[in-house]
Structure formats: structure tokens, C-alpha cells
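Peer 1: What follows is a predicted structure for the sequence shown.
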Amino acid sequence: MEDDDFINDVKDIIKAQNGDKQYMELLIENNKGLIWNIVRRFKDRGFELEDLYQIGVLGFIKSIKKFDTSFDVRLSTYAVPYIMGEIKRHIRDDGPVKVSRSIKELGGKILELQKEHMKKTGEDMSIMQVAKELKVSKEEVALALDCFNPVESIYSSISNDEDGQSIIDTISSNIDEQTRIVNKISVKQLIDGLEDRDKKIILLRYYKCRTQSEVAKILGITQVQVSRIEKQILNKMKVKLAI
């Protein structure tokens, strides 16, 4: 039985679809690793990861409600675009990172000071000069000035046409990105399910970029054995990925 089939039993999914909160919570708990894997892709966007996780859970719940148990597809695979879509929608609708009033006020003072300095001297003030004049740190000055720079949203339209292509559309297609993430998560699940020796061989060979000879020395076996075992592991993984 596949790992995904074990943690996402069809009977549990149907019960959750029928409004059983206990089984809905069970499915969320069983798939929290999947949700977190997707959430972490959105770090450094100015949002708390815990908040994005809760948004991701909403997307996962939507996927359960719309999941057709007759589909020849895993729930974890089906849920990825729903989780990603919900998080992206939240980031898009919530807008840029919020700026505190004190930072905005400091920014206003800095701009006024720079304007007056330019009138008198015809030169720009350095960050150090501004910080000294206003008795604040240079980091605060840099942050305040940065807040006045326009933020270009990746969801902004390239043309004036409202239905035009957005910036994110030119970076990558959602389908390709989702497929890549599904594959990455599926491989991770397969590796996690390997026996300790097999897992070490795969990690050393494909994540640490070690040669078969180096792996053989680490494990205390021959290079021929490593080659044979590695081939067996990869064949098993290919079969499981194809199911």
C-alpha cells in the first residue's frame, strides 16, 4: 500500500466531505507536512509562515471538498494547486507589507530634510548625514526611505489592459510550477520511506554529490555493491512514482 493511500484513506475522505469534523482534522494532521512544504516556498514575503500555514489549510480543505474519490490521482497531488492558489490569493489580496506610522512619519521628515538640503547646497544628503541630523540610526533611515519606493506587484498587469498578462505569468506557468512541486514532494516522501541504508545511499549520491566509491568507503561495502543497490532503489522509486 502506498504511503499516501495509508494516510489518506478514501473512507476518511468521504466522511470529511460529508461534514465529519473529526476526519477533516485527521486529514489535515496527516497532511501538515505537505502543507508546510508549500508554505515554506513563500518565506521572506513579509508574511508570518504560521499565518500562511492557516491559509494553506483552507486551500487543503477546499481540495478535500472538491476531490473526486473515483479519480486515479492521490489526494496529496490533487491538493497542491489548491494550497498554492489559496496562499497566492492571500498574498495578492493582502497587498504589500504594512508599514508602521512611525516609519512613515520618519520618511516624511527625511524627504523634507533632503529637499531643503538640495535647495541650499545643490547636493544630495547621505544616509549618515540624515541619521546624524535627525538623531536616528542609519538603518532606520534606509528602512524609511525604502518604504517610499513603489512596490511592483508580481500580479500587476504588464499592459494597461486589465485582462493583460501579469508579471508572474512571464516568470513561470502555474502548471509547470505545481508539477515541479508535486514531483519534489513525491520524491521526498519516497526517500523518507526508504530503509536507513538505502536512504543514506540516495542522500550521499544525489544530495551530497558523492561518487559510488566514496559511498562504498563510508558504508564499508564495495563500489559494485553500491552500484547494484543504487540501481535497485531507483527502479523501485520509478515504479512507485508511476503508480
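Peer 2: Cool, got the structure.
Peer 1: distance of Trp36 from Thr211?
Peer 2: According to Cβ to Cβ, to the nearest Å, Trp36 and Thr211 sit 33 Å apart. No exception for glycine: its C-beta is placed from N, CA and C like everyone else's.
Peer 1: Please read the previous query as pertaining to Tyr53.
Peer 2: Between Tyr53 and Thr211 the distance is 39 Å, computed by Cβ to Cβ.
Peer 1: cool, Glu112 as well?
Peer 2: In terms of Cβ to Cβ, Glu112 sits 63 Å off from Thr211.
Peer 1: which one of Tyr53 and Thr211 has more residues nearby?
Peer 2: Legend: neighbour count by other Cβ atoms under 10 Å for Tyr53 and Thr211, higher for Tyr53 (17 against 12).
Peer 1: where does the spatially most central residue of the chain land in three-state SS?
Peer 2: Residue closest to the average C-alpha location in the chain (Cα atoms, centre = their mean): Arg41, at 1.5 Å. With DSSP: H, G, I helix; E, B strand; the rest coil as the basis, Arg41 sits in helix.
Peer 1: And Val136, by the same measure?
Peer 2: Applying three-state DSSP: Val136 is coil.
Peer 1: Any idea how many residues pack against it?
Peer 2: Neighbours of Val136 (other Cβ under 10 Å): 16.
Peer 1: Provide the backbone phi and psi angles at the residue found closest to it once you drop the neighbours it is linked to in the chain.
Peer 2: In this structure, Val136 finds its nearest non-sequential neighbour in Leu106, 6.8 Å apart by Cβ to Cβ, 6 or more residues apart in numbering. Taking degrees, to the nearest 10, you get phi -60, psi -40 for the backbone angles of Leu106.
Peer 1: any idea of the pLDDT on Leu106?
Peer 2: We have a pLDDT of 84 for Leu106.
Peer 1: Help me confirm that it comes into contact with Ala131.
Peer 2: No: contact between Leu106 and Ala131 fails when scored by Cβ atoms under 8 Å: they sit 10.6 Å apart.
Peer 1: any residues in contact with both of those two?
Peer 2: Here Leu106 and Ala131 have 140-141 as joint contacts, going by Cβ atoms under 8 Å, 6 or more residues apart in numbering.
Peer 1: Tell me how the chain divides into domains.
Peer 2: By the assignment in automatic domain parsing, the chain contains the domains 3-96, 101-146, 194-242.
Peer 1: Out of those domains, which gets the lowest mean score?
Peer 2: Among the domains of the chain, domain 101-146 carries the lowest mean pLDDT, a mean of 80.
Peer 1: quick one on the thing from earlier: most tightly packed of the domains of the chain?
Peer 2: Highest mean neighbour count of the domains of the chain: domain 3-96, a mean of 16 (counted as mean count of other Cβ atoms under 10 Å).
Peer 1: where along this protein do the helices fall?
Peer 2: Remark: helices assigned in the chain by DSSP state H are 3-7, 10-17, 21-30, 32-39, 49-66, 75-94, 101-121, 127-134, 138-146, 167-171, 174-192, 196-206, 212-219, 223-242.
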